[in-house]
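Student: this one's sequence-less:
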């Protein structure tokens, strides 16, 4: 589907849901999470959750964003609270592989690994 634009007033909350396809949220070796791209900035990992339920959260954003998943519907949801203009970004739902730290430099161009 085509990405949509959402306008949120400062201080408001936002919830985005992503339904994955082509793999299961519980497939061994994979995780699913959210990243964002702010204009002129590097990508920010916000949160991800591994197939086994283990999670990672960006410490700098942990008071702003929360994430949940529903394996029955194959969806992951991110909620941002008290959003500010600096949170303006393109938000991506992303798949990652277990060893992504070792191959981060090629991850973005390898369909098997990410996105």
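Tutor: Alright, I've got the coordinates. Worth saying up front: this structure is predicted, and the values here are computed from it rather than measured. Numbering: from 1, shown residues only.
Student: tell me which element the residue nearest the centre of the chain falls in.
Tutor: Residue closest to the average C-alpha location in the chain (CA atoms, centre = their mean): residue 34, at 0.7 Å. In the assignment (DSSP states H and E), residue 34 maps to strand 30-37.
Student: is it true that residue 47 touches residue 60?
Tutor: No. Judged on CB atoms under 8 Å, residue 47 makes no contact with residue 60 at a distance of 11.7 Å. Any C-beta I mention is one placed from the backbone N, CA and C, and that applies to glycine too.
Student: more crowded one of the two?
Tutor: It is residue 47, of residue 47 and residue 60, that has more neighbours when counted by other CB atoms under 10 Å, with 20 against 9.
Student: where in the chain is pLDDT low?
Tutor: For the chain, the stretches with pLDDT under 70 are 1-3, 99-115.
Student: show me the strands in it, by range?
Tutor: If DSSP state E is used as the criterion, the strands of the chain fall at 14-19, 30-37, 43-50, 55-57, 65-70, 75-80, 90-97.
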